[in-house]
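Q: Need a 3D model of the following:
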Amino acid sequence: MGVPSVTRSSRSTRLPAAIRIVHPAPTAAVVTLATALALVIGEQAGGAEPWRVACVGLTVLGSQIATGALNDWADHRRDERARPEKPIPAGEIDRRGALGVVAVGVALQLAASLALGWLPTLLGLVALGSAVVYDLGLSRTPLSPLPYLVSFGVLPLWIAAGVGVDLGRVLPAVPLVAPFATAAHLANTLRDWEADAADGSRSLAQTLGRARSHALAVVMAVAVGVIVALIFVAGGRLGPASAILGVAGLVAVAQGARDARRLWYGILFAAVCWTIAWALATG
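A: Next up, the predicted model:
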């Protein structure tokens, strides 16, 4: 009788299944990053209309909701074996319910995007489509980083278009996304290493090996922060606020050198810090 009571107690402290299925931590990080960038570049361009900034946040939120729920829907059999506490294998939401959450996310993204115009809508759909391809199979192949490169590469352009800023304002950030997005992907897949290995995944992390993937993720993430900082220092554009945010991001990544889960959350935190720092330094 003790086990059922503990199970009920632990469940009572969990977030609702409809929230957990959208992967709330990365969702919150990406939405915060997008909204902060929209505010900063909008203000630097003369002040973005508040409703446009709000719609940018909502459209990115919708995309993240759809992507997270679809990921759990696609991985439900693996999760039954390796992650039985997740919403679908735990019986807290069924696969039809998960698809319902996906539909809500897509509807939110489209509604908010269409209010902003055709270009933000198109860029948002490219980012979402790339994430869908990842969820439905590419995540298990050596090409697994590719959707990260596409989705995160499009993100600055998507946000700039959403607030009505010239895309050239954020274009220099796009090449910097590649190594950082790859690091984020490796850190994310390392958290489910055992489950993916047991399921026969051949993602880039599985192909490289656990230790090598972890080291590569740390080195790539730190290298992005350091190289960008040096560029700004050389150009005399690294102000106090950007410097503080840059150091905070480096510390967050460095503390993940010993632990894959800490690395993942450190990279999420660094992404928010460095995005704001970059926007301030280039303003």
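Q: now the strands for the stretch 101-250 of the chain?
A: In the stretch 101-250 of the chain, no segments count as strands under DSSP state E, counting those that start in this stretch.
Q: where do the helices sit along it?
A: For the stretch 101-250 of the chain, the helices defined by DSSP state H, counting those that start in this stretch occupy 118-135, 146-163, 174-190, 193-198, 204-208, 210-234, 240-254.
Q: pLDDT on the shortest one, on average?
A: Spelled out, it's helix 204-208. The average of the pLDDT scores along helix 204-208 is 89.
Q: So what touches that helix?
A: By CB atoms under 8 Å, 6 or more residues apart in numbering, the residues outside helix 204-208 that reach it are 142-145, 185-186, 189-190, 193, 196-197, 213, 216. For glycine as for every other residue, the C-beta is placed from the backbone atoms N, C-alpha and C.
Q: The first one too?
A: Residues from elsewhere that reach helix 118-135, judged by CB under 8 Å, 6+ apart: 56, 59-60, 63, 66-67, 70-71, 73-74, 106, 109-110, 113-114, 144, 146-148, 150-151, 154-155, 157-158, 161-162.
Q: Buried only: go through the residues you listed for me.
A: By neighbour count, with 16 or more other CB atoms under 10 Å, those hold 56, 59-60, 63, 66-67, 70-71, 73-74, 106, 109-110, 113, 144, 146-148, 150-151, 154-155, 157-158, 161-162 as buried.
Q: Which pLDDT value belongs to residue 34?
A: So residue 34 comes in at 91 (pLDDT).
Q: what's next to the one helix or strand it maps to, contact-wise?
A: Applying DSSP states H and E as the criterion places residue 34 in helix 24-44. If you take CB under 8 Å, 6+ apart as the criterion, helix 24-44 is touched by 15, 48, 52-53, 56-57, 60-61, 64-65, 68, 155-156, 159-160, 162-165, 169-170, 188, 265, 268-269, 271-272, 275-276, 279-280, 283.
Q: swap the cut-off to 7 Å and go again
A: Here helix 24-44 makes contact (CB atoms under 7 Å, 6 or more residues apart in numbering) with 15, 48, 53, 56-57, 60-61, 64-65, 68, 155-156, 159-160, 162-163, 165, 169-170, 265, 268, 271-272, 275-276, 279-280, 283.
Q: Restricted to buried residues, select those residues in ChimeraX.
A: Here is the ChimeraX command that selects only those of the contacts of helix 24-44 that count as buried (16+ other CB under 10 Å):
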select :48,53,56,57,60,61,64,65,68,155,156,159,160,162,163,165,169,170,265,268,271,272,275,276,279,280
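Q: Residue 25: neighbour count?
A: 10 (other CB atoms under 10 Å).
Q: ok, now how distant is it from residue 222?
A: Distance of residue 25 to residue 222, given as CB to CB, to the nearest Å: 21 Å.
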